[in-house]
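Q: Quick one, fold the following:
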Amino acid sequence: CQTSYSTTIQIRDFPGVPVLAYDQDTFCRDSVAPVPLVGTDSVGVFIASAGVTFLNPVSGAIDLTLTPPGGPYWVRFDISNPCAVDPIDTLYIMDAPLLSLSYPLEEVCQGEPEITPTVEVVPSGQIEFNAPAGLFIDSAGGVLPVLSQPGSYEVGASTLGICPTTTNANLTIFPKPQFP
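A: Down below sits the predicted model:
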């Protein structure tokens with residue numbers, strides 16, 4: 001007795017190792033939706049770890065406003081070819097820090113001593129201060145009226161880092177009284 005069997009086997013080419021990359025690894029929630037670069041001509045869809053919301057799972061665009069801050073989140077391009085290696089990228093999503101700046105007085109005379117600001121930044125981080133010409137401030141945002149010119153000014157404070165925040169405070173310096 002002779003028995004024969006036949007079957008069909010489909011052999012596919014092993015595709016090259018595809019690439020998946022977002023243009024950075026940390027995004028601010030108020031940024032434009034990031035779309036990844038996918039270095040493959042394969043067909044597939046994007047899949048991500050819990051919490052990540054896609055604007056479009058075909059393009060990989062992430063809705064940063066609906067995705068909670070945190071990470072690391074992974075994003076994978078699920079290629080429909082069973083021989084393919086699915087590329088993965090990791091990213092983080094951050095909220096911009098909360099920043100406030102105020103001075104105890106909004107109006108001062110030119111001869112008064114330094115006015116120290118109240119600055120709050122949550123979470124803590126580095127802050128950079130700036131002021132227009134005529135207003136003298138130190139690196140901590142303290143205003144030195146004795147070295148400043150009379151006028152109305154806007155002092156700016158900005159957080160440094162991936163998700164910068166900016167705020168302003170107004171201050172007026174009046175001329176030092178002149179006595180005869």
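Q: ok, the lowest-mean-pLDDT helix or strand in the chain: who's next to it in the sheet?
A: One helix or strand of the chain scores below all others by mean pLDDT, DSSP states H and E: strand 37-38, with a mean of 85. Paired with strand 37-38 in the same sheet, following DSSP bridges, are strand 20-21 (antiparallel).
Q: Please state the offset of the helix or strand just after the partner strand from the chain centre?
A: Moving toward the C-terminus from strand 20-21, the next helix or strand (DSSP states H and E) is strand 26-28. Mean-position distance between strand 26-28 and its chain equals 4 Å (CA atoms, centre = their mean, to the nearest Å).
Q: Not counting its own residues, what contacts strand 26-28?
A: 34, 62, 64, 71, 91, 92, 93, 94, 95, 96, 162, 163 (CB atoms under 8 Å, 6 or more residues apart in numbering). Yep, even glycine has a C-beta here, placed from its N, CA and C like the rest.
Q: just to revisit the earlier point, got the buried residues for whichever helix or strand comes after the least confident helix or strand of the chain?
A: Next helix or strand after strand 37-38 toward the C-terminus (DSSP H and E): strand 44-48. Within strand 44-48, the residues that qualify as buried by neighbour count (16 or more other CB atoms under 10 Å) are 44, 46, 47, 48.
Q: Listing request: residues of this structure with sub-threshold pLDDT.
A: 1-2, 4, 9-17, 40-41 (pLDDT under 70).
Q: burial count for residue 88?
A: Using other CB atoms under 10 Å, residue 88 has 13 other residues around it.
Q: Tell me the buried residues in stretch 65-84?
A: Neighbour counts over stretch 65-84 (16+ other CB under 10 Å) mark 67, 71, 73, 75, 76, 77, 79, 81, 84 as buried.
Q: from those residues, which single one is nearest residue 107?
A: Nearest to residue 107 among those, counting by CB to CB, is residue 67 at 44.8 Å.
Q: pretty sure that closest one contacts residue 50?
A: No: with contacts counted by CB atoms under 8 Å, residue 67 stays clear of residue 50, the gap being 10.4 Å.
Q: about what we covered before: now tabulate the contacts of strand 26-28 in a markdown table and tack on secondary structure and distance to residue 172.
A: Formatted as a markdown table, these follow (DSSP: H, G, I helix; E, B strand; the rest coil; distance: CB to CB, whole Å):
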| residue | secondary structure | distance to residue 172 |
| --- | --- | --- |
| 34 | coil | 43 |
| 62 | strand | 45 |
| 64 | coil | 39 |
| 71 | strand | 44 |
| 91 | strand | 45 |
| 92 | strand | 42 |
| 93 | strand | 41 |
| 94 | strand | 36 |
| 95 | coil | 34 |
| 96 | coil | 29 |
| 162 | coil | 35 |
| 163 | coil | 32 |
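Q: okay, those residues in JSON lines with distance to residue 116 next?
A: Formatted as JSON lines, the entries for those read as follows, by distance: CB to CB, whole Å:
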{"residue": "34", "distance to residue 116": "40"}
{"residue": "62", "distance to residue 116": "42"}
{"residue": "64", "distance to residue 116": "36"}
{"residue": "71", "distance to residue 116": "37"}
{"residue": "91", "distance to residue 116": "39"}
{"residue": "92", "distance to residue 116": "35"}
{"residue": "93", "distance to residue 116": "35"}
{"residue": "94", "distance to residue 116": "29"}
{"residue": "95", "distance to residue 116": "28"}
{"residue": "96", "distance to residue 116": "25"}
{"residue": "162", "distance to residue 116": "29"}
{"residue": "163", "distance to residue 116": "27"}
